[in-house]
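*Asks:* pasting the sequence and the predicted coordinates here, then a few questions.
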Amino acid sequence: MKLTIDSTKTLHNGLEMPRFGLGVYKMTDKEAAVEAMITAIGEGYKAIDTATIYDNEAEVGEAVRNSGVKREELFITSKVWNTDQGYDETLRAFEASLKRLGFDYLDLYLTHWAIEGKYVDTYRAIQRLYDEKLVRSIGVSNHQQHHLEKILATANTQPMVNQIELHPQLTQEPLRSYCADHGIAITSWSPLARGRLLEDPVLSEIAKTHGKSIAQVIIRWHLQSDLIVIPKSVTPSRIKENAQVFDFSLSEEEMTMIDGLNQDWRSGTHPDEIKV
């Protein structure tokens, strides 16, 4: 499969989700956030991934409206935060998110973390939003296999996406395999391991071979691993560089070498240890 910036992954309901997009976590300077998002859209990014807790949904809406690209040509994701979970609470949280964004629908809505005693009801509310056509696709984030099994036991519509921390030092192979078996697409957050990999000797050698940066090699690894990837940056030059990953390919040997870097190392919290 030839990958381009317009490449999509077909979700199990038939919706095409961009394989490459912009993550906007920690984009807290309002002006810089809007500028970064407009820059990304101008560079051909088709997806923006936000969340209530990021406190920049309003900026996402502003950027989309000022981008010169039609809303329906872009794919916008948001997530319900832990303190807003539960059935009724999730419906209210979604309504508030839409209002901040200034949209009348979302392309994808996710449960942010699996909060014990709440995540099943939260997902039930998200299913209702899907049934009411307020969201075009639904899913979860930071859910382990046992969380997914509990949801799938009662779900009318199974999750289409699971967004998880994933990078060469946390390859999550068992969870990826389970999701693949159940038609659940994987989105990688923290795809560059928060900079931890940017001096790795194996990646450095591969990057030299292709005349690319280590970050570009890692992003390409995600794409060739059939993962949706959302690198984040507010720097225009980095936003542009992160998108310049469609003019080279990693060999099978190089992919195997990168897979071999796994250490099960997390930059974030383990999903079984999350607290409200």
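*Replies:* Okay, I see it.
*Asks:* pLDDT on stretch 122-138, on average?
*Replies:* Averaging pLDDT along stretch 122-138 gives 98.
*Asks:* what helix or strand does residue 123 sit in?
*Replies:* Assigned by DSSP states H and E, residue 123 belongs to helix 119-131.
*Asks:* now residue 139: phi and psi?
*Replies:* Here is the backbone geometry of residue 139 (degrees, to the nearest 10): phi -180, psi -160.
*Asks:* that one touches residue 164, doesn't it?
*Replies:* No - checked against C-beta atoms under 8 Å, the pair residue 139 and residue 164 is beyond contact range at 10.8 Å. The way it works is simple: take the backbone N, C-alpha and C, and place the C-beta from them, glycine included.
*Asks:* between those two, which has more neighbouring residues?
*Replies:* residue 139 (27 against 23; other C-beta atoms under 10 Å).
*Asks:* about what we covered before: residues in contact with the helix holding residue 123?
*Replies:* With contact meaning C-beta atoms under 8 Å, 6 or more residues apart in numbering, helix 119-131 is reached by 80, 85-91, 94, 109-111, 113, 115, 135, 137-138, 140, 143, 147, 150-151, 154-157, 159.
*Asks:* I'd like to know which of the residues you listed are buried.
*Replies:* The neighbour count (16 or more other C-beta atoms under 10 Å) marks 80, 85-86, 89-91, 94, 109-111, 113, 115, 135, 137-138, 140, 143, 147, 151, 155, 159 as buried among these.
*Asks:* what separates the residue of the chain positioned farthest from its centre from residue 216, distance-wise?
*Replies:* Relative to the centre of the chain, the most outlying C-alpha is that of residue 209, 28.5 Å out, by C-alpha atoms, centre = their mean. Between residue 209 and residue 216 the distance, using C-beta to C-beta, to the nearest Å, works out to 12 Å.
*Asks:* quick check: which ranges of the stretch 51-200 of the chain have low pLDDT?
*Replies:* By pLDDT under 70, the stretch 51-200 of the chain has no low-scoring segment.
*Asks:* all strands of it, in order?
*Replies:* For the stretch 51-200 of the chain, applying DSSP state E, counting those that start in this stretch gives strands covering 75-80, 108-111, 138-141, 161-165, 185-189.
*Asks:* looking at those strands, which is closest to residue 50?
*Replies:* Nearest to residue 50, of all the strands of the stretch 51-200 of the chain, is strand 75-80, at 5.1 Å by C-beta to C-beta.
*Asks:* and the closest one, which strands flank it?
*Replies:* Partners of strand 75-80 in the sheet, by DSSP bridges, are strand 47-49 (parallel), strand 108-111 (parallel).
*Asks:* I'd like these laid out as a markdown table, including distance to residue 205.
*Replies:* Output for the strands paired with strand 75-80, formatted as a markdown table (distance: least, C-beta to C-beta, whole Å):
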| stretch | distance to residue 205 |
| --- | --- |
| strand 47-49 | 31 |
| strand 108-111 | 36 |
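*Asks:* which ones are touching the closest residue to residue 276 other than its chain neighbours?
*Replies:* For residue 276, ignoring the flanking residues on the chain, the nearest one in space by C-beta to C-beta, 6 or more residues apart in numbering is residue 82 at 4.9 Å. Residues in contact with residue 82 (C-beta under 8 Å, 6+ apart) are 112-113, 115, 274, 276.
*Asks:* taking the centroid of the chain, which residue is nearest it?
*Replies:* residue 187 (4.3 Å).
*Asks:* please identify the buried residues of stretch 124-131?
*Replies:* By neighbour count with 16+ other C-beta under 10 Å, stretch 124-131 contains the buried residues 124-130.
*Asks:* now do that stretch: distance to the chain's middle.
*Replies:* When distances are taken as C-alpha atoms, centre = their mean, to the nearest Å, stretch 124-131 is centred 20 Å away from the chain's centroid.
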